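J.: With the sequence up front, the predicted model follows.
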Amino acid sequence: MRIKKKQIILTVPILFFVFFPLFIEESSREVFNQTFIENTEFPFFCGIQLEKGRFQTDNLAEHCQDDSLETASLEAILLKSSVKDDLGVAFLKLTIDEKERYFIFALNHDNFLANREIEKDIYDLKIEEGKIVLNDSIYRIIDGRLEEIVEEKKELIFPGGQFSLRIPENWEVKRNEKEYHFYHREAEPSAVLLSSSLDFELINDEYRREFEEIKRSFTPFEIKNMADYRFFTDDLDHYLEVNTVNGKINYFENGVNKESFNILASGDPNNWNATPSGMYQILSKEGLRFSTESSVYMPFSMRIYGKYLIHGEAYFPSGVPYVSEVSGGCVRVRNEEMVHLYEKVEPELPVVVISHENEKFTPYQDNFEPFDSNFESLLVVDIDSGHVLFGKKAKEKRVANAINSIMTSMVAVENMGSTRRITVREYMLGADRFNLIVPGRSFRLIDLISPALIENSDPAIRILSHYLGRDNTLSLMNEKAASIGMKDTEIFFFPETGYKSISTASDLYYLAYYLKNSRKPLLDISRGVWVPNINYGVFPGLQNKNIFYGLDNFSGGQVDSGEDGYSGFFIFDLEINQEERKVAITFSGAENRDEVRREIINIKEWLERAFK
């Protein structure tokens, strides 16, 4: 029979109660050294004696004359020791019936004994500032145990990304409806309480030092929620609000809604003819205007951006009314209301177009797994509610080349129309040639967008940017960026001089937000699915360079490289709190495409665990 594990572990620690006074009195000497441990006995199950750091018996039960012990051989050998101030620690090898085990035993001035079974390889054992240093690990006595302390803290990101804390590695956190409880992993007292009002309370004074460190680490996140386009109205007193969600145009004076008009039709948000959302203005009042794209007359026309207008009821040249549930992207109003609106507004009046309103959704985080990312800047948002799930330096400006091809394509479509034909000229092409794009060949604009977004084709992007004029295209791109919420973005895109566009993770979010709500076909092209009206036979064999091309839950995005590494944005369908949600991930500062792939996968997996 073998001796019980509990009996051996309890027997050996009693040894130190006997000789502890020795190392207090002679702390300058190596009291735990084998030379000085002689004739030291301890009574527990029986009295045994260490001689020069060793004890051995072939029959522990017979030696102890204790019938409760099973017959077993025991050898105890002291291998290393250290004594400093009021703390002593020893590393022992115990051989029980030829089975070797290794233990660290520690004792302080209050006879507070602790032990821990450890691995065999011990090359360093010392005491520093009341802590036991074992190899590269640090321990201290906690409730009768030697508990490892990890000096590096783990960062916890809390619900909605509203704040973060750094807590010791051996601490945990639990949440109820109103409070967060922080506690030591082993002891599990409710040591620290964080209420819903973000007030800290220390419950167990034993953890005063950790409490102060946790409290100091509290960092509110710079962005709590990403607003919908209503934020454009915050600084406006006199403006038009065109809301395609509720079908109303509201006229505001001095911040007060003075009058409302009903919308008959607006563009289909899932097709090429979606009404552009964002911040624009009355560029001109053009009266009766003829649309070459739809071949209809539009009375009381007011242009707000590109080819988009607010106008009355359209009709064909024959006089027959043009009737449809959706428009070609313009906003259509009944003539009797439109004539009054037309007279009311003046050029340069701000126009805020809202095609999406943030829905009510509060994600609940029940797994506080520490998380960080190698991206230099990062923003993760539930796109339909605007709730920030994670963020890191989201307002830091960095080179962001991922916006160039998508912004060029967007401006071209919105100012020229998807079916406009473009003839390639020699001056439009640079050194990077594409064998199907040659001088003299003519393409529909919509067909050129495919190689621009699928392969980041430089010739296709050049042609799209040349058609409206390089300087004009660049100006339109910057104006468009500002109009869709990208207020910290500057586009200086000229292929021959390099990529110099600047943006932030929060601005890239608004690009993803706009594409999802107003230019879905551009996302679909990047996603690699079939898009209406594109002639895929024009550029056969295109290779989609998007990292997540083909994934079922991938809704689209772009990634590209530049001076500061890779930047981009992706939209995924992920399960958050048992609901399928669209999540936008925007980032910059990755070293290569492999790192982008790895980091995005880590983010997706963390989200589904944290908000499970």
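T.: It's in. Residues are numbered from 1 along each chain as shown.
J.: Where does pLDDT dip in the stretch 501-612 of the chain?
T.: By pLDDT under 70, the weakly predicted segments of the stretch 501-612 of the chain are 562-563.
J.: Would you mind measuring from N59 to A72?
T.: Separation of N59 from A72 (Cβ to Cβ, to the nearest Å): 8 Å. For glycine as for every other residue, the C-beta is placed from the backbone atoms N, C-alpha and C.
J.: Oh, that last question was meant for Y305, not what I typed.
T.: Distance from Y305 to A72, by Cβ to Cβ: 88 Å.
J.: Tally up the residues packed near the closest residue to M428 other than its chain neighbours, please.
T.: Among residues not flanking M428 along the chain, H466 sits closest, at 4.4 Å (Cβ to Cβ, 6 or more residues apart in numbering). Neighbourhood size, H466 [other Cβ atoms under 10 Å]: 16.
J.: still on that earlier bit, please identify which of Y305 and A72 sits among more neighbours.
T.: Taking other Cβ under 10 Å, Y305 and A72 do not tie; Y305 has more neighbours (22 against 19).
J.: ranges for the helices of this protein?
T.: Assigned by DSSP state H, the helices in the chain fall at 5-11, 14-25, 60-64, 208-216, 335-344, 403-416, 445-454, 458-467, 470-483, 505-518, 520-527, 593-610.
J.: Can you show me the CA trace of the last one as PDB?
T.: What follows is helix 593-610, C-alpha atoms only, in PDB (Å, rounded to 0.1, in the frame of the first residue of the first chain):
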ATOM      1  CA  ARG A 593      -1.700  40.500 -45.800                       C
ATOM      2  CA  ASP A 594      -1.100  37.400 -43.600                       C
ATOM      3  CA  GLU A 595      -1.100  39.500 -40.500                       C
ATOM      4  CA  VAL A 596      -4.400  41.200 -41.700                       C
ATOM      5  CA  ARG A 597      -6.000  37.800 -42.100                       C
ATOM      6  CA  ARG A 598      -4.700  36.500 -38.800                       C
ATOM      7  CA  GLU A 599      -5.800  39.500 -36.800                       C
ATOM      8  CA  ILE A 600      -9.300  39.700 -38.400                       C
ATOM      9  CA  ILE A 601      -9.800  36.000 -37.700                       C
ATOM     10  CA  ASN A 602      -8.700  36.600 -34.000                       C
ATOM     11  CA  ILE A 603     -11.100  39.600 -33.700                       C
ATOM     12  CA  LYS A 604     -14.100  37.600 -35.100                       C
ATOM     13  CA  GLU A 605     -13.400  34.600 -32.800                       C
ATOM     14  CA  TRP A 606     -13.000  36.900 -29.800                       C
ATOM     15  CA  LEU A 607     -16.300  38.700 -30.600                       C
ATOM     16  CA  GLU A 608     -18.300  35.500 -30.800                       C
ATOM     17  CA  ARG A 609     -16.800  34.300 -27.500                       C
ATOM     18  CA  ALA A 610     -17.100  37.600 -25.600                       C
END
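J.: Please name every helix or strand in contact with that helix.
T.: Applying 3 or more Cβ pairs under 8 Å, 6 or more residues apart in numbering; DSSP states H and E, one finds that helix 593-610 makes contact with strand 377-382, strand 387-392, strand 565-576, strand 579-590.
J.: so which of those strands comes closest to E172?
T.: In terms of Cβ to Cβ, the element of these nearest to E172 is strand 387-392, at 20.1 Å.
J.: Low-confidence regions, the stretch 201-350 of the chain specifically.
T.: 220-222.
J.: hang on, the earlier thing: reformat the helices of the chain as a markdown table; add distance to E100.
T.: Shown next, in a markdown table, are the helices of the chain (distance: least, Cβ to Cβ, whole Å):
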| stretch | distance to E100 |
| --- | --- |
| helix 5-11 | 12 |
| helix 14-25 | 18 |
| helix 60-64 | 16 |
| helix 208-216 | 36 |
| helix 335-344 | 90 |
| helix 403-416 | 63 |
| helix 445-454 | 63 |
| helix 458-467 | 67 |
| helix 470-483 | 69 |
| helix 505-518 | 55 |
| helix 520-527 | 60 |
| helix 593-610 | 39 |
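J.: you'd agree S518 is up against T275?
T.: Yes: between S518 and T275 there is a contact at 7.2 Å, judged by Cβ atoms under 8 Å.
J.: Overlap of the contact sets of the two?
T.: Jointly contacting S518 and T275 under the rule Cβ atoms under 8 Å, 6 or more residues apart in numbering are 269, 355.
J.: So E599 sits against N374, correct?
T.: Yes: in terms of Cβ under 8 Å, E599 counts as a neighbour of N374; the distance is 5.7 Å.
J.: ok, the two, which is more surrounded?
T.: E599 (18 against 14).
J.: OK, contacts around that one?
T.: Contacts of E599 (Cβ under 8 Å, 6+ apart): 373-375, 587, 590.
J.: please redo it, this time with the cut-off set to 6 Å
T.: Neighbour list for E599: 373-375 [criterion: Cβ atoms under 6 Å, 6 or more residues apart in numbering].
J.: I'd like the distance between it and M298.
T.: 48 Å.
J.: residue contacts, the residue lying closest to S324 once chain neighbours are set aside?
T.: Ranked by Cβ to Cβ, 6+ apart and with sequence neighbours excluded, the top spatial neighbour of S324 is A265, at 6.3 Å. Residues in contact with A265 (Cβ under 6 Å, 6+ apart) are 326-327, 332.
J.: Just put those residues in TSV and tack on neighbour count and distance to S291.
T.: Converted to TSV, the contacts of A265 look like this (neighbours: other Cβ atoms under 10 Å; distance: Cβ to Cβ, whole Å):
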residue	neighbour count	distance to S291
V326	16	15
S327	24	10
R332	22	12
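J.: Out of those, which sit inside strands?
T.: R332 (DSSP state E).
J.: care to break this protein down by domain?
T.: Per automatic domain parsing, the structural domains of the chain span 5-149, 154-220, 229-354, 377-610.
J.: do you know which of the ones you listed lies nearest P363?
T.: domain 377-610 (5.4 Å).
J.: Hmm, Y239 is touching F252, no?
T.: Yes: counting by Cβ atoms under 6 Å, F252 is a contact partner of Y239 at 5.3 Å.
J.: which one of those two has more residues nearby?
T.: Y239 (22 against 19).
J.: coming back round to it: looking at the contacts of A265, which is nearest G528?
T.: Comparing the contacts of A265 against G528 with Cβ to Cβ places V326 closest, at 26.0 Å.
J.: which non-adjacent residue is nearest that closest one?
T.: Closest to V326 by Cβ to Cβ, 6+ apart is D268, at 4.6 Å.
J.: likewise I571?
T.: S555 (4.0 Å).
J.: Same check on N170?
T.: Per Cβ to Cβ, 6+ apart, closest to N170 is R185, 4.7 Å.
J.: where's that neighbour relative to E172, distance?
T.: 5 Å.
J.: again with N535
T.: Plainly put, N535 is 58 Å away from E172 if you go by Cβ to Cβ.
J.: So the two - more neighbours on which side?
T.: E172 (15 against 11).
J.: which strand residues sit across from that one in the sheet?
T.: Applying DSSP bridges to E172 yields these beta-bridge partners: Y183.
J.: Does it touch F182 like I think?
T.: No: counting by Cβ under 6 Å, E172 stays clear of F182, with 7.4 Å between them.
J.: S588: how many residues sit nearby?
T.: S588 has 29 neighbours, counted by other Cβ under 10 Å.
J.: ok, and the closest non-adjacent residue to it?
T.: Residue nearest to S588 in three dimensions, not counting chain neighbours: S567, with 3.7 Å by Cβ to Cβ, 6+ apart.
J.: got it, and G440?
T.: V424 (6.5 Å).
J.: Next, count neighbours for that neighbour.
T.: 20.
J.: for E117, same thing?
T.: Neighbours of E117 using other Cβ under 10 Å come to 12.
J.: quick one: contacts for it?
T.: F103 are the contacts of E117 under Cβ under 6 Å, 6+ apart.
J.: From T244, how far off is the residue nearest to V326?
T.: Per Cβ to Cβ, D268 is found 10 Å from T244.
J.: Appreciated, that's everything.
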